[in-house]
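> Got a predicted structure plus its sequence, pasted below:
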Amino acid sequence: MSAAFVTVILAAGQGTRMKSALPKVMHPIAGLPMYAHIVEAALGAGAGRVVLVVGHARAEVERDVRGRFDQRVCTAVQEQQLGTGDAVRAGVAGLADSTGYVVVLYGDTPLVHTPLIAALMARAAESNARAVVLTSEVPDPAGYGRILRDPRGKVLGIREHKDASLSERSVREINCGAYAFQAEFLREALAKLATDNAQGELYITDVVGQAAALDSVATVAWSFDDVGGVNDRAQLATCEAAMRRRIAQRFAESGVTIRDLTTAYIDANVSIEPDAVIEPNVHLRGSTKIQSGARIDVGCVLSNVSVARGAYLKPYTVASDSEIGERVETGPFAHLRPESVLEADSKIGNFVEMKKTRLGRGSKASHLSYLGDGIIGTHVNIGAGTIFCNYDGVNKHVTTIEDDAFIGSDSQLIAPVRIGEGAYVGTGSTINRDVPAGALAISRAKQENKLGYAARLAARFSALKAAKSKK
Ligand code: UD1
Ligand code: CA
């Protein structure tokens, strides 16, 4: 491992080309704001200190940093966005005592990861160069800074696209925007920066030019796959697709069956144990956790959901902030709203919606139900079309069903209400009083059969129709 180093991440720019009210670095990629991926990469590479330079929409970014990283990351303020060189000045202002290397990264290159930073630092250690620059050969370098070299390959400097001549623009080796600078050299070089360029800005890339003048630049060649910058929404989508693919690949390598690497939408903070199966077009969001042997079938969307061993989520199960126990089955087309708990071996089927409800061990609601604010015991059977009427227009009330009860199809349970242990609710009942344990409750009107009446009814309706069409 290389020596401790400081990382400065630039995130003060507005990101005009995003055309967004949200600051650019706050745009999420795989469930994390863009900048947070880079912070994680730096922390993972062993950065002793991480400084995020903030400016545009600073309060919003700072709040997120505090909530997410607390003391592990500090912020430095760049009052006016005068360029990346100025931003680094702000970033190192509080680091006057630091020696060794300062790694500088941009908040809008979210695919930068730990191995890349480790490679920069390894090159720094071996070359002892004042500046180490990550570069990439790309087919379309438009918009990026170009690496200028002499005929023998020695780096002369970096030319921004807007400042480049036609021949310089044909250079396909670009500046990826990841650097390691010797701290003392960086401080001196930053003091000498000037704004004599097309954008009238202070460029951090000119610090590389100063190191080149001292013949003290080393480069690391890297794949463009890891360094694409996000300047507009199309690049945001491109980076997100790459991130998604990277996450899916990592799980596949760790023993998870990912049926289709390109349509596994898995957020950065999701965990999945080996031998889980993720079918195509599944979205796993937030802090979702999937245990071994669970199968998540096509089209499921899970946000902050834990799924225990052996559970089977059939296609199009949508769930958030819920717990799914061992060997539970859900769906197809089931909806778990927040605070739903399905205990082991329970089951909910097609078009069942749950909210803030606990379904006990081995209990089942197989078809077309709404179970809201419920406490359901073990081995309860809830028939098709059962509704927990939990809302009286003002307050929410609880429905309690004790162990082994049976709720006949198409029943309404008007909360607050309690169905006792082993009780039986007849099909089509509207229940608004507690049912004692072991009792049978039926509350529907008695059936009447009028013999021969069907033909008379049909004749009457035909006559009515004929009268109407004469008018
Ligand atoms: C920059 C590089 C370019 C490189 C490319 C890689 C410079 C001058 N150019 O260009 O050589 O090929 O990145 O993606 O550095 N920022 C601030 N304060 C500022 C200006 C920018 O914090 O005053 C931040 C932005 O929020 C952004 C990052 O610095 O996260 C890069 O700025 P941006 O304007 O996107 O630079 P590029 O034009 O992409
Ligand atoms: Ca950029």
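That came through fine. Residues are numbered from 1 along each chain as shown. Ligands and ions are numbered 1, 2, ... in the order given.

> drop to CA atoms for contacts and neighbour counts, all remaining ones
Noted.

> For ligand 1, see how far away G310 is.
Look at G310 and ligand 1: by C-alpha to the nearest ligand atom, to the nearest Å, they are 43 Å apart.

> so how far is ligand 1 from V352?
From V352 to ligand 1 the distance is 45 Å (C-alpha to the nearest ligand atom).

> Repeat that for I272.
Taking C-alpha to the nearest ligand atom, one finds I272 at 31 Å from ligand 1.

> That residue pairs with what?
The partner list for I272 in beta bridges (DSSP bridges) reads I290.

> got a list of what it touches?
Shown in contact with I272 (C-alpha atoms under 8 Å, 6 or more residues apart in numbering): 251, 256, 289-292.

> Out of those residues, which comes closest to ligand 1?
When the contacts of I272 are compared for distance to ligand 1 (C-alpha to the nearest ligand atom), F251 wins out at 28.0 Å.

> does the closest one sit in a helix, a strand or a coil?
helix (DSSP: H, G, I helix; E, B strand; the rest coil).

> Run a quick neighbour tally on it.
By other C-alpha atoms under 10 Å, the residues close to F251 number 19.

> separation between it and I258?
Distance, F251 to I258, using C-alpha to C-alpha, to the nearest Å: 8 Å.

> interface residues of the stretch 101-250 of the chain facing ligand 1?
Contact residues (C-alpha under 6 Å from any ligand atom) of the stretch 101-250 of the chain with ligand 1: 106-108, 144-145, 160, 174-177, 203-205, 229.

> Just to be sure, which of those are found in strands?
Among those, the ones falling in strands (DSSP state E) are 106, 174-177.

> Between which two of these is the distance greatest?
Y106 and I174 (14.7 Å; C-alpha to C-alpha).

> between the contacts of I272, which is closest to A344?
Taking the contacts of I272 together and measuring to A344 by C-alpha to C-alpha, the closest member is Q291, at 13.4 Å.

> Tell me if I'm right that the closest one and I278 touch.
No: using C-alpha atoms under 8 Å, Q291 is not in contact with I278, being 11.5 Å away.

> more neighbours, these two?
I278 (29 against 21).

> Surely that one is in contact with I296?
Yes: counting by C-alpha under 8 Å, I278 does reach I296; the two are 5.1 Å apart.

> I'd like the distance between the closest residue to A57 other than its chain neighbours and D297.
Closest residue to A57 apart from its sequence neighbours, by C-alpha to C-alpha, 6 or more residues apart in numbering: P23 at 6.3 Å. Between P23 and D297 the computed distance is 35 Å (C-alpha to C-alpha).

> Save the ones in strands among the residues of the stretch 101-250 of the chain next to ligand 1 as a markdown table, and put in neighbour count, distance to E402 and pLDDT too.
Converted to a markdown table, those look like this (neighbours: other C-alpha atoms under 10 Å; distance: C-alpha to C-alpha, whole Å; pLDDT from 0 to 100):
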| residue | neighbour count | distance to E402 | pLDDT |
| --- | --- | --- | --- |
| Y106 | 24 | 58 | 97 |
| I174 | 26 | 68 | 98 |
| N175 | 25 | 67 | 98 |
| C176 | 27 | 63 | 97 |
| G177 | 22 | 62 | 97 |
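
> so how far is R152 from E160?
E160 is 22 Å from R152, by C-alpha to C-alpha.

> Tell me which of those two has more neighbours.
E160 (24 against 6).

> Next one: the closest residue to the more buried one other than its chain neighbours from V435, what distance?
Leaving aside its sequence neighbours, E160 sits nearest to G145 (C-alpha to C-alpha, 6+ apart; 4.1 Å). Distance, G145 to V435, by C-alpha to C-alpha: 76 Å.

> And the helices in the stretch 51-200 of the chain?
For the stretch 51-200 of the chain, the helices defined by DSSP state H, counting those that start in this stretch cover 58-69, 84-92, 114-127, 166-169, 183-191.

> what helices or strands is the second one leaning on?
It refers to helix 84-92. strand 5-11, strand 47-54, strand 74-77, helix 183-191, helix 205-213 (3 or more C-alpha pairs under 8 Å, 6 or more residues apart in numbering; DSSP states H and E).

> Quick one: check it for contact with ligand 1.
Yes: Helix 84-92 reaches ligand 1 (C-alpha under 6 Å from any ligand atom) through 84, 87.

> What lies in contact with that helix?
Taking C-alpha under 8 Å, 6+ apart as the rule, helix 84-92 contacts 8-10, 12, 51-53, 76-78, 81, 104, 187, 190, 193, 201-207.

> cool, and the shortest one?
Residues external to helix 166-169 that are found in contact with it (C-alpha under 8 Å, 6+ apart): 141-142, 146, 148, 159, 161.

> Can you tell me the centre-most residue of the chain?
G31 (1.9 Å; C-alpha atoms, centre = their mean).

> Quick check: phi and psi on that residue?
The phi and psi values for G31, taken as degrees, to the nearest 10, are phi 80, psi 0.
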